[in-house]
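1. can you look at this prediction? I've put the sequence above it.
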Amino acid sequence: MTQSNFKSSTLIKVALYEPDIPHNTGAIVRLCACFGARLDIIEPCGFFLSDKRFKRVVMDYINKCKIKSFKNFTEFKKDKKNERIILMTTKAKRKYYDFKFNYNDTILFGRESAGVPNSVHKIANYKLIIPIQKEARSLNIVSSVAITLAEALRQNHYL
């Protein structure tokens with residue numbers, strides 16, 4: 001991948017709800033570092049951030065990514081009171097490419113093993129889906145983050 005002209009410090013944020021697979025989270029750190037997006041991690045995680053599988057994937061990108069940790073969803077929700085929370089979910093009907101992302105949105109992704117609880121669905125400002133073949137269950141979370149983040153950045157002229 002080569003460098004582009006996009007602004008190196010966008011306000012678009014990716015949020016992970018209680019991530020449980022260290023190498024997926026590490027790949028998302030790297031992705032956010034490359035695209036200048038901040039990463040919000042809502043704990044508890046299903047692994048320690050000192051996990052060697054996480055560190056192996058994240059390499060030195062941990063120092064290039066702005067990461068903000070939240071002890072729980074309540075703390076995260078307080079921080080987002082003036083921002084739109086866009087939940088990516090297989091339970092939505094609206095397609096991500098039919099949605100207008102704003103430069104300061106937070107795009108929320110659920111746990112790899114369980115998504116998010118109904119209480120999180122209820123507070124999301126918008127719920128979007130990445131359409132896939134009916135025979136497939138879901139995309140890997142890293143692929144989902146890459147697809148959605150690239151579209152949000154494109155719409156806001158960062159790419």
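-> Alright, I've got the coordinates.
2. show me how far the worst-scoring helix or strand of the chain on mean pLDDT is from its chain's centre.
-> One helix or strand of the chain scores below all others by mean pLDDT, DSSP states H and E: helix 52-58, with a mean of 77. From the chain centre to the centre of helix 52-58 is a distance of 18 Å (CA atoms, centre = their mean, to the nearest Å).
3. ditto for stretch 42-56
-> In terms of CA atoms, centre = their mean, the centre of stretch 42-56 is set 16 Å apart from its chain centre.
4. now swap in stretch 11-29 and tell me
-> 6 Å.
5. can you give me the mean pLDDT across that stretch?
-> On average, the pLDDT along stretch 11-29 is 93.
6. with only the CA atoms kept, save that stretch in CSV.
-> In CSV, the C-alpha atoms belonging to stretch 11-29 read as follows (Å, rounded to 0.1, in the frame of the first residue of the first chain):
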residue,chain,number,x,y,z
LEU,A,11,-12.1,12.5,13.2
ILE,A,12,-13.8,9.3,12.1
LYS,A,13,-13.5,6.6,14.8
VAL,A,14,-13.8,2.9,14.7
ALA,A,15,-15.1,1.3,17.9
LEU,A,16,-14.8,-2.3,19.0
TYR,A,17,-17.3,-3.7,21.5
GLU,A,18,-15.6,-6.1,23.8
PRO,A,19,-13.3,-7.7,21.2
ASP,A,20,-12.4,-11.3,21.8
ILE,A,21,-9.9,-12.2,19.1
PRO,A,22,-6.4,-10.6,19.6
HIS,A,23,-5.1,-11.0,16.1
ASN,A,24,-8.3,-9.4,14.7
THR,A,25,-7.9,-6.4,17.1
GLY,A,26,-4.2,-6.1,16.2
ALA,A,27,-5.0,-6.0,12.5
ILE,A,28,-7.7,-3.3,13.1
VAL,A,29,-5.1,-1.3,15.0
